[in-house]
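Novice: Please find the sequence and the predicted model below.
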Amino acid sequence: LAKTTQPISMDSYEGQEVNITCSHNNIATNDYITWYQQFPSQGPRFIIQGYKTKVTNEVASLFIPADRKSSTLSLPRVSLSDTAVYYCLVGYGNNRLAFGKGNQVVVIP
Amino acid sequence: GAVVSQHPSRVICKSGTSVKIECRSLDFQATTMFWYRQFPKQSLMLMATSNEGSKATYEQGVEKDKFLINHASLTLSTLTVTSAHPEDSSFYICSAMGTSGGAFNEQYFGPGTRLTVT
């Protein structure tokens, strides 16, 4: 299973933009990059998915450099409700996904 | 968006008894479902992959006779924890993958089931 590495935790103030990085040095050619958000005692929630360059939706942007060995999830103007664990995963088709430790983001008032 | 439900949301059982957890895809058909376990302050750990109409594939270290998985239809998979013990207490999460095709079928996660074995 393709592995990912993320910082363990980070704090941010309300209203700021938060950028969360993820390393996936062994990403395969066919792999897509997907980010999930998890609140305590809930299942993960899909945020965004991409293959290369930049993807943007109503909640986040995903930046993927040309070598695809890393990616950055950008959350614009975070609020207290964005406090959660964020996971990045790589995979293809119906392949199994390996969750890394994730990044605990704490938004401070 | 795609919705996955789990039932029950939480269950308390006595040591030695069996518990069944249901995972349903409510508005789409799921050929593949996954079962995860999550201990407090830890990441999700994949237990098994369940494909409709076939036997589940278990990850290394997961006892298939203890964690029985049945994927009888395209919308339902069940996980039965047999002869549960306190160390089986955990948060069990399922996910379902649609049949829409494409290079990467994203997984839709259920809300999880909190199992406490006393």
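Specialist: Now that the structure is in, tell me what you want to look at.

Novice: Which residue, other than its chain neighbours, is closest to A:Thr21?
Specialist: Distance criterion C-beta to C-beta, 6 or more residues apart in numbering or on different chains; nearest residue to A:Thr21, sequence neighbours excluded, is A:Thr72 at 5.1 Å. Bear in mind the C-beta positions are built from the backbone N, C-alpha and C, glycine included.

Novice: neighbouring strands for the helix or strand encompassing the one you found, and are they parallel or not?
Specialist: For A:Thr72, the element it lies in under DSSP states H and E is strand A:70-75. Sheet pairing for strand A:70-75, assigned by DSSP bridges, gives strand A:18-23 (antiparallel), strand A:61-64 (antiparallel).

Novice: can you list those strands in TSV and add mean neighbour count?
Specialist: TSV is the format used below for the strands paired with strand A:70-75 (neighbours: other C-beta atoms under 10 Å in any protein chain shown):
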stretch	mean neighbour count
strand A:18-23	18
strand A:61-64	19
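
Novice: Could you pull out the buried residues of stretch A:43-61?
Specialist: By 16 or more other C-beta atoms under 10 Å in any protein chain shown, the buried positions in stretch A:43-61 come out as A:Gly43, A:Pro44, A:Arg45, A:Phe46, A:Ile47, A:Ile48, A:Gln49, A:Gly50, A:Val55, A:Ala60, A:Ser61.

Novice: Contacts for that stretch, please.
Specialist: A:32-39, A:62-64, A:66, A:68, A:71, A:73-76, A:86-87, B:1, B:4, B:6, B:44, B:93, B:95, B:103-104, B:106-112 (C-beta atoms under 8 Å, 6 or more residues apart in numbering or on different chains).

Novice: Which residue ranges of chain B form strands?
Specialist: B:4-7, B:10-13, B:19-25, B:30-38, B:45-51, B:57-58, B:67-73, B:76-81, B:90-98, B:107-109, B:113-117 (DSSP state E).
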